[in-house]
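J.: no FASTA, just this:
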DNA sequence: CAGTGAGCGAGCTTCCGCTTGACTT
């Protein structure tokens, strides 16, 4: 019989700790929270001072029963959940549900999983901190009230199944506002001038020097004039300034920085990174992956030191402890680091290996020496344009330090100036001018968010937690507020001027600007919902809302404020706003009158419906029913024009007849298509549904028919409705819109009519595999 | 894979933050 039961949150952690504690200690895990407010109902009795009604999660019943059994068999219960607000609450729920009062029970915490830390915790037990638990209850109840009162407003005013909340609605707002910023951005252009000089150094060795003019020109005339001056100018080195500088490594990874770097360096999505990290954690390769702390245990720092010295030598090592700066950090865990630094590689998939490598290098680098860099700036004067100056920037690494293993990436994809070794020049030296190049540049519009850069922004605002970053990103996409995709760049003609010899050559170059990969863009729905929420619930939508309620949670945790009081003063203001919004008689969210049809005079609207944005002609109360057409891809509710709306309403359009049968073109849920003889034929991306004619329609029809023909393996004269087809997932039987699986032991091409009949009798695809 | 959107109005949807499985196409 185990005398001591230790309960932690994660099963992987339980395994590790059990090893450290040895005999007499049993370690089990709660798998996170075991109890929560009712899943379906509000679960809060607003009239009884916000009394919460907690229920054991049905999915956790089994685990709770197992815990109960062990509690009954143990003498002492140690509640060792995480050392943060949520962890304290989990400990409290465990104590309540498992009725540990009957036993000796203690609350213990440690924020690193080392033998010392755990034994130390056992020596310093304490009571559950009820004030901290109350702060968690306030957090939980506030989120529930906001989420479960706001969402139904959206169901009524916009469309069912939508959602709103303290975190997700602000995340969507960030994306909506970014898009607005980009739309309003006024691009300005300028000419950037660069020069290539040559010469010979003291030893007669030829060199080349690239330098940039310190001033940009606003227009092409001024640029031309300048190049004219350069034609007959002499160029002299006026200054050579060298300055030593140091670069220090970045701290080890937290969840958010790991997601950012994995996105920039490896191209992983946020959820992909977390899945891989979970694998690495479960295999014992890395420490816990949901953390906001940059703290490393002394043991880890010592291990990193060992590894750095043996791999690179003493001079490469410089240990440090970093301070966590991010807002609202609770630091229940260490930073994300390898469990064993001497494991250079691990077994696993190639992506697991790549992520492990990133984590190991980042952690190692954080304990390595600063890089010593010598920065050099060479200034070059222009004889005929004395108020201008060329400059060359050079960087030489004197000592690599941490750069030997790791260099952090940055979000702005701005091309960095060429930092190279510069030739050893002295002031006064004359240079030969080779070419001078002027290139038209455009000021950079703001970047849209990637998943990872959105997480970074949320973290800066103190919104969301490491365990929720990935789910937030999924939720706002699942709800249709935000879409991830590539942003197509626009082609621009860019003017260039080149001075070579005594000739100035002007040219125009094509350049694609503004292409962005895997960026987040708001949908019409996201924009409309954000606008609505901003109008009626400005406090919740405020970027500072979370930070301000966090301050109150802190006061609750300090015992200076009753959680019910805090919730009450919030709810007294919030709830009436909900009632007002519910009763709004105004037209539905996002609706806009585009104008009147010049032909009929009927009003034309753009609205959001159950299936997304659409245009409508006519009033719904009128005698004549209105007609509808969905907004095709690539059109925005807020920019669509009356003319465009009228063109959508022109569908379905007859393009002609084949025999007596009409051929029409229409736009459906999956894009434009041709409809002929009760069959559908998708248009190609290059086809324009507004102008497509009969010849092209015929082409599409026959192409599709050929494709279908090729997929037919067998048909039967007995019943033309039955076909054996080759599909995306292999051969199958199709009969009256139902699909049927072909048994493994039969070859599809050898099936007889009787075989097929038998398979169909057995029922459609629903493999009832017995275990 | 495919043409909806108003209107009758049952019964459903929804939050954030802890943690991992799993009945399948």
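T.: All right, it came through fine. Computed from a predicted structure; not experimentally measured. Numbering: from 1, shown residues only, chains lettered A, B, ... in the order given.
J.: Excluding chain neighbours, what is closest to the residue nearest the centre of chain A?
T.: Nearest to the geometric centre of chain A sits residue A:451, at 1.4 Å (C-alpha atoms, centre = their mean). In space, and not counting its chain neighbours, residue A:451 is closest to residue A:270: 4.3 Å by C-beta to C-beta, 6 or more residues apart in numbering. All C-beta spots, glycine's among them, are computed from the backbone N, C-alpha and C.
J.: what does residue A:592 give?
T.: Per C-beta to C-beta, 6+ apart, closest to residue A:592 is residue A:606, 5.1 Å.
J.: and that neighbour, how far is that from residue A:595?
T.: Between residue A:606 and residue A:595 the computed distance is 11 Å (C-beta to C-beta, to the nearest Å).
J.: Comparing these two, which residue is more hemmed in?
T.: Neighbour comparison, residue A:606 and residue A:595: the larger count goes to residue A:606, with 25 against 13 (by other C-beta atoms under 10 Å).
J.: Next, that one: phi, psi?
T.: phi -120, psi 130 (degrees, to the nearest 10).
J.: what bridges to the residue nearest to residue A:592?
T.: Assessed by DSSP bridges, residue A:606 has beta-bridge partners residue A:592, residue A:615.
J.: just checking, it touches residue A:637?
T.: Yes: assessed by C-beta atoms under 8 Å, residue A:606 is found in contact with residue A:637 at 5.2 Å.
J.: immediately after the worst-scoring helix or strand of chain A on mean pLDDT, which helix or strand?
T.: Across the helices and strands of chain A, mean pLDDT, DSSP states H and E gives its lowest value to strand A:738-740, namely a mean of 68. Toward the C-terminus, strand A:738-740 is succeeded by helix A:753-761 as the next helix or strand (DSSP states H and E).
J.: one step back: and the residue nearest to residue A:451, what does it touch?
T.: A:259, A:263, A:451, A:452, A:455, A:469, A:470, A:473 (C-beta atoms under 8 Å, 6 or more residues apart in numbering).
J.: by contact count, what packs against the helix or strand that contains the last one?
T.: Assigned by DSSP H and E, residue A:473 belongs to helix A:469-478. Here helix A:469-478 touches helix A:168-184, helix A:255-266, helix A:270-282, helix A:451-460, strand A:482-487, going by 3 or more C-beta pairs under 8 Å, 6 or more residues apart in numbering; DSSP states H and E.
J.: Phi first, then psi, for residue A:375.
T.: Residue A:375 adopts backbone torsions of phi -100, psi 130, taken as degrees, to the nearest 10.
J.: and what of residue A:185?
T.: Phi and psi for residue A:185, reported as degrees, to the nearest 10, are phi -70, psi 130.
J.: show me where the stretch 1-150 of chain A has strands.
T.: A:4-8, A:25-29, A:35-37, A:44-45, A:51-52, A:54-56, A:76-79, A:104-107 (DSSP state E, counting those that start in this stretch).
J.: same thing with the stretch 201-350 of chain A?
T.: Using DSSP E, counting those that start in this stretch, strands in the stretch 201-350 of chain A cover A:206-213, A:235-247.
J.: Please name whichever of these is nearest to residue A:429.
T.: Closest of the strands of the stretch 201-350 of chain A to residue A:429 is strand A:235-247, at 4.5 Å (criterion: C-beta to C-beta).
J.: Reformat the helices and strands packed on helix A:469-478 as CSV; add distance to residue A:437 and mean pLDDT.
T.: Output for the helices and strands packed on helix A:469-478, formatted as CSV (distance: least, C-beta to C-beta, whole Å; pLDDT from 0 to 100):
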stretch, distance to residue A:437, mean pLDDT
helix A:168-184, 30, 97
helix A:255-266, 30, 98
helix A:270-282, 41, 97
helix A:451-460, 33, 98
strand A:482-487, 29, 93
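J.: quick one, which of those is nearest to residue A:87?
T.: When these are ranked by proximity to residue A:87 (C-beta to C-beta), helix A:255-266 comes first, at 16.1 Å.
J.: what's in contact with the closest one?
T.: Contacts to helix A:255-266, defined as C-beta under 8 Å, 6+ apart, come from residues A:250-251, A:253, A:268-270, A:272-274, A:277, A:289-292, A:326, A:336, A:351, A:354-355, A:358-359, A:362, A:408-411, A:450-453, A:455-456, A:459, A:466, A:469-470.
J.: Would you reformat the contacts of residue A:270 as CSV and include distance to DNA strand B?
T.: Compiled in CSV, those are given as follows (distance: C-beta to the nearest atom of the strand, whole Å):
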residue, distance to DNA strand B
A:259, 14
A:263, 20
A:451, 16
A:452, 17
A:455, 11
A:469, 8
A:470, 9
A:473, 11
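J.: What residues does residue A:250 make contact with?
T.: Residues in contact with residue A:250 (C-beta under 8 Å, 6+ apart) are A:257, A:362, A:365, A:366, A:408.
J.: Just the buried residues out of these, in ChimeraX syntax.
T.: For the buried members of these, the matching ChimeraX selection, counting by 16 or more other C-beta atoms under 10 Å, is:
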select /A:257,362,365,366
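J.: Reformat the contacts of residue A:250 as JSON lines; add distance to DNA strand B and secondary structure.
T.: Output for the contacts of residue A:250, formatted as JSON lines (distance: C-beta to the nearest atom of the strand, whole Å; DSSP: H, G, I helix; E, B strand; the rest coil):
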{"residue": "A:257", "distance to DNA strand B": "16", "secondary structure": "helix"}
{"residue": "A:362", "distance to DNA strand B": "21", "secondary structure": "helix"}
{"residue": "A:365", "distance to DNA strand B": "26", "secondary structure": "helix"}
{"residue": "A:366", "distance to DNA strand B": "23", "secondary structure": "helix"}
{"residue": "A:408", "distance to DNA strand B": "25", "secondary structure": "coil"}
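J.: what helix or strand does the nearest residue to residue A:139 once chain neighbours are set aside sit in?
T.: Excluding its sequence neighbours, the residue lying closest to residue A:139 (C-beta to C-beta, 6+ apart) is residue A:553, at 5.7 Å. Assigned by DSSP H and E, residue A:553 belongs to helix A:545-557.
J.: can you tell me how far residue A:154 sits from residue A:637?
T.: Per C-beta to C-beta, residue A:154 is found 17 Å from residue A:637.
J.: Spell out which parts of the stretch 151-300 of chain A neighbour DNA strand B.
T.: A:151-152, A:155, A:160-169, A:278, A:282, A:288, A:290 (C-beta under 7 Å from any atom of the strand).
J.: how about 6 Å then?
T.: A:151, A:152, A:155, A:160, A:161, A:163, A:165, A:166, A:167, A:168, A:290 (C-beta under 6 Å from any atom of the strand).
J.: check contacts around the second one.
T.: Taking C-beta under 8 Å, 6+ apart as the definition of contact, the neighbours of residue A:152 are residue A:582.
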